[in-house]
Structures are given as C-alpha cells and as structure tokens.
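# any chance you can model this:
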Amino acid sequence: MDSMQLDPDTLSIAIARCYSMKNRHQDVMPYDRNRVLLRSGKDDYINASRVEDLSPYCPAIIATQAPLLGTAADFWLMIYEQKVSVVVMLVSEQELDKVAAALAPTGSFFLPVLCLGPR
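Numbers count the residues shown, from 1 in each chain. Here you go, the predicted model:
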C-alpha cells in the first residue's frame, strides 16, 4: 500500500477502502499481509487470502468467500490471474442457489456435491 508501512495483521485495506459491498460476510476479511491483489480491473480488492507456510510440498492455496452477483467477475479474474486449476467451495445449503447464480448465471457449469454425512 503506497509507501506506508502496515502492521501485517491489520484489516486496514478491507475496512478503509469501504469494500463492505464486496464482502459476503462482513465479519470475515483478509489481512493485509496475505491478501490476494487483483492486477487488473477497477480496483485491486477481493476478499481472498493466501494460505501460507503449510508445507513446502503443499500447492498454493487461496481462501475466499463465495462471490456475490456483483463480485463474480472479480472472482473469475482472480482465478485467471492466479492461474488457479482447482476450486473447492464449501457452501451451506441455504446459500447454494445464491452462489450458483453468481458463479454460473446460466447454470451451465455448476455441479453441486452434497454432504451426505453428519453435519
């Protein structure tokens, strides 16, 4: 962020830039130190964080909220820019239809997998 030094565990980008409309859940926001930055688009904000230092053998992992209708383009831009090859999304049954509509408005490539075990 410009030339200003930030505490690595702050949420200043997410809060200061007033991106509440881009966060599905207002109480879960990325830290500055591991936030994924969009390289193109209107701005660089997406509610996504790199999960780091798990193991040298572990593939790169990005944790993010399911996109909203207004953030689906940013979600797919992040997938493209970060060269993501696998997306695993955990979504409650209550939000499944909303998330499906944001990800694939035509429903053409959305395949839900339901949990059949204990919740």
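# now Met89, nearest residue through space, not along the chain?
Excluding the flanking residues, the one nearest Met89 by Cβ to Cβ, 6 or more residues apart in numbering is Ala66, at 6.0 Å. No exception for glycine: its C-beta is placed from N, CA and C like everyone else's.
# for this structure, where's the lowest mean pLDDT among helices and strands?
Using mean pLDDT, DSSP states H and E, the weakest-scoring helix or strand in the chain turns out to be helix 12-16, at a mean of 61.
# for the longest helix anywhere in the chain, the averaged confidence score.
Identified as the longest helix of the chain according to DSSP state H is helix 72-81. Mean pLDDT, helix 72-81: 91.
# contacts for it, please.
For helix 72-81, the surrounding residues in contact (Cβ atoms under 8 Å, 6 or more residues apart in numbering) are 22, 36, 38-41, 45-46, 48, 62, 64, 67, 84, 87, 102-103.
# so what's Val51 scoring on pLDDT?
Looking at Val51, its pLDDT is 90.
# who's in contact with the nearest residue to it once chain neighbours are set aside?
Spatial nearest neighbour of Val51, chain neighbours left out: Ile61 (4.1 Å); criterion: Cβ to Cβ, 6+ apart. Applying Cβ under 8 Å, 6+ apart to Ile61 gives the contacts Arg50, Val51, Leu54.
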